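>>> predicted structure and sequence below. I'll ask about it afterward.
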Amino acid sequence: RSLALPMGPGRTYTNATLSFSYRRENWDATDSMTIRVSTNQFASQSNLVSTIDGRVGTDAAYTNVSANLAALLGANLALRIQAGPNFDNNDRINFDFVTITYSGYDIATNPATLYASNVQIVVVSNLAAGPTNLLENYSLAPGSNVSLRLRATLDVPLAATQFVNVATVTNAKSATRTAAVTNFSVAYSVGGRVWHDTNNNGIQDPTETNSFANVPVALMRTNGTVFQSVVTDAEGDYLSTNVVPGDYYALYDLTAFSTNDYLLSPANAGSDDALDSDATYGEIGDFAGTDDFTVSMGQTNLTIDVGFDPPEPTLVVLYSFTAGDESGQVVVRWRTASEENTVGFFVERLDSGQWVRVNHEIIYAKGEDGFGASYERVDSGAEAGGTYIYRLVEVETDGIGIHGPFERTATALEFVSPISSGPNGVLLRWLSRADEYYEILRSTNLIRGFELLELDIPATPPENEYLDTNPGPIGIYLIQMDDE
């Protein structure tokens, strides 16, 4: 069968679909059927679009088939259904609902020779050389109308965010009329937010309203060249405009922030891309970047965000932090002297200039009533005998604290007690951080509680010592932050 498409003035087809149903009867395994389409009635061209394979017996029901013919559009489309070489008089196939569906649009491209006089429609453009008239000298019968649809194709990037299409109609029967169509976006925007992720969960929570201003953000082409550079505003938002369709990634300049003071949020947390942090690599104090993303026609993407957190003062006092070889595995252990408002911990190891989390799920705090606890974690990414740099990220109810960095060699450990007694008294040791102050409390009878031994003890990083010269026969000690 051949089909001549109704190619009226300015008619353009953009797609075609062939669909049909079939049912086989008395077939053998070697039977077959092919469906081919040609754009010139099989004079010199043929395309296989579907094959019906053999089977033994009869189909219980019809099978539906659909094939896209967009690449085969033409004025003389032909369809051929051809039986295979083993098809004989005992074989039968039933076809039903054989349909070719077309879609497209009509546009007057050269109507001057097709229509008569009296009505003129002119397209006006602000381009250096305006386009030709779409329709002129067209006679309308009484009660009839004519519609025009304009499709513009941009072959170069357009530095604008919209088209303004103005149509003017002039005739001999009434005054000139003008209509405008605006807000048709042809260039797109990419943007997002750099925010203070107070709990470092990688999600913009409703209470996290603080952001970082004046952070440079570059929209990068995937070949490494800069498409556009902007900075975040007072609300932490940034926007790259006039973005043409293509593949990009965002690069955040975080060199103004100290790696000891800020912590990059985990990427792609949760299920809402509009609320997560998208920086998948890099580090505070350097550059952080996202994975590649695509800007498609008609798309504006304002969900490319990044979060990080300035650590809050922590009330945890850390006794010790070790990494050792235990049966061929590297085990990281730490012990807190006191904990308050602590949710849990993450252990991070420095790898090629980036902090990598050893535990991807939080290790929940075990300290109670202000006392500390002991923790451990196997570092499967480290090798026994190696030397590594670690830091301990403490998650609190109101922020993040960072302890370290600690350089540790994973060898067999000899335990050194943080508390030891000698002829001069009881010596206490704990890990300390700059600008912190501590207080020491002691109890010789828990019923009576703790007594203050000394306060406002300044930190002497990386370790502090305190000698209790009058310990008594029994003592329980509490070392905590002097939060005053």
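Yep, it's here.

>>> span of stretch 58-65 from start to end?
18 Å (C-alpha to C-alpha, to the nearest Å).

>>> give me the nearest residue to the residue positioned nearest the centre of the chain, chain neighbours excluded.
By C-alpha atoms, centre = their mean, the mean C-alpha position of the chain lies nearest to Asp278, the distance being 5.3 Å. Of all residues not flanking Asp278 in the chain, Thr290 sits nearest, at 4.5 Å (C-beta to C-beta, 6 or more residues apart in numbering). (Glycine included, C-beta is placed from N, CA and C.)

>>> so the one you found sits against Ala279, correct?
Yes: proximity of Thr290 to Ala279 meets the contact threshold set by C-beta atoms under 8 Å, at 5.8 Å.

>>> these two - which one has more neighbours?
Neighbour comparison, Thr290 and Ala279: the larger count goes to Ala279, with 27 against 23 (by other C-beta atoms under 10 Å).

>>> residues touching the more buried one, list them.
Applying C-beta atoms under 8 Å, 6 or more residues apart in numbering, one finds that Ala279 lies in contact with Ala250, Tyr252, Leu264, Ser265, Ala267, Ala288, Gly289, Thr290, Val306.

>>> just list whatever residues bridge to the first one.
Meaning Ala250. Leu219 (DSSP bridges).

>>> and for it, the neighbour number?
24.

>>> does Asp325 have any beta-bridge partners, and if so which?
Val330.

>>> give me the neighbour count for it.
18.

>>> now it: how far from Ala384?
4 Å (C-beta to C-beta, to the nearest Å).

>>> ditto for Tyr437
Tyr437 is 38 Å from Ala384, by C-beta to C-beta.

>>> how about Glu454?
41 Å.

>>> the more surrounded of these two?
Ala384 (17 against 13).

>>> let me see the contact set for the more buried one.
Shown in contact with Ala384 (C-beta under 8 Å, 6+ apart): Asp325, Gly328, Gln329, Val330, Ala410, Thr411.

>>> you'd agree the first one is up against Thr409?
No: under the criterion of C-beta under 8 Å, Asp325 makes no contact with Thr409, lying 9.1 Å away.

>>> shared neighbours of Asp325 and Ala384, anything?
Common neighbours of Asp325 and Ala384 (C-beta under 8 Å, 6+ apart) are Ala410, Thr411.

>>> which parts of the chain belong to which domain?
Domain segmentation of the chain under automatic domain parsing yields 2-106, 108-186, 188-309, 317-409, 419-481.

>>> hey, least reliable of these by pLDDT?
Note on the domains of the chain: domain 108-186 shows the lowest mean pLDDT, a mean of 53.

>>> export stretch 408-421 as PDB, just CAs?
Extracted as PDB, the C-alpha positions of stretch 408-421 are listed here (Å, rounded to 0.1, in the frame of the first residue of the first chain):
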ATOM      1  CA  ARG A 408      48.400   8.300  63.700                       C
ATOM      2  CA  THR A 409      50.500   5.300  62.700                       C
ATOM      3  CA  ALA A 410      48.400   2.100  62.700                       C
ATOM      4  CA  THR A 411      50.700  -0.200  64.700                       C
ATOM      5  CA  ALA A 412      50.100  -2.500  67.700                       C
ATOM      6  CA  LEU A 413      49.100  -0.300  70.600                       C
ATOM      7  CA  GLU A 414      50.300  -0.200  74.100                       C
ATOM      8  CA  PHE A 415      47.500   1.300  76.200                       C
ATOM      9  CA  VAL A 416      48.400   4.400  78.100                       C
ATOM     10  CA  SER A 417      45.800   5.200  80.700                       C
ATOM     11  CA  PRO A 418      44.600   8.800  80.800                       C
ATOM     12  CA  ILE A 419      44.700   8.600  84.600                       C
ATOM     13  CA  SER A 420      47.600   7.300  86.600                       C
ATOM     14  CA  SER A 421      48.700   7.600  90.200                       C
END
